[in-house]
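Visitor: Need a 3D model of the following:
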Amino acid sequence: MRRLSLDCIDRVVRCGLLVVALSPFMPVPATVQAGSDSEVEVEVNKKGLGKEAVLRKGPHEWYILVEVTPDNTVVLRQEKNLDTYVLDDSETHDRSFTPSEVDAVIEEFVSSAKVQAAKYQ
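Guide: As a prediction, this is how the structure comes out:
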C-alpha cells in the first residue's frame, strides 16, 4: 500500500478549497421546464457578475443579458418570433449594478415576458 505524502495531501486540500471558493461564481442554470406548449420555459443563468435569462413559448423567445463590469452595466433585451427579431434593444449604465439590482431587472423582464407570452395561447 502506498502512502500519500503531506505535500500531495496539501495540494488536494488546496484544490478542494479552491473549488469551494469559486463555486458561487460558476454558472448553475436555474430552469423551470414547461409541461406543455401552453407554458413558458424559463432558464436563468449567472454570467460573471450579472445574469442572463431565456424564456420560450412555442416559436417565441425572449432573452435578457445583464452584464456587469467594474465600470458599467449593459442590459441587452431581445424578443424573437421564429427567426425574426421583434425587439433588439440595449442600454448602457455608467456604473456597476448591485446583485439586487441585477435580480430586479431580470425579475421585471421575466414577469413582462410571461404577460406577453400569455397572449400567444
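
Visitor: May I have the phi/psi pair for residue 87?
Guide: Taking degrees, to the nearest 10, you get phi -140, psi 130 for the backbone angles of residue 87.

Visitor: okay, now it: neighbour count?
Guide: For residue 87, the count of nearby residues is 11 (other CB atoms under 10 Å). Glycine gets a C-beta too; all of them are placed from N, C-alpha and C.

Visitor: Might one say that it is in contact with residue 77?
Guide: Yes. Residue 87 lies in contact with residue 77 (CB atoms under 8 Å); the separation is 6.2 Å.

Visitor: Just say helix, strand or coil for residue 86.
Guide: strand (DSSP: H, G, I helix; E, B strand; the rest coil).

Visitor: how close does the residue lying closest to it once chain neighbours are set aside get to residue 87?
Guide: Setting aside the residues directly before and after it, residue 86 is nearest to residue 79 in space (CB to CB, 6 or more residues apart in numbering), at 4.5 Å. Residue 79 sits at a distance of 4 Å from residue 87 (criterion: CB to CB, to the nearest Å).

Visitor: One more: residue 99?
Guide: For residue 99, the distance to residue 87 equals 26 Å [CB to CB].

Visitor: And residue 65, by the same measure?
Guide: According to CB to CB, residue 65 and residue 87 sit 13 Å apart.
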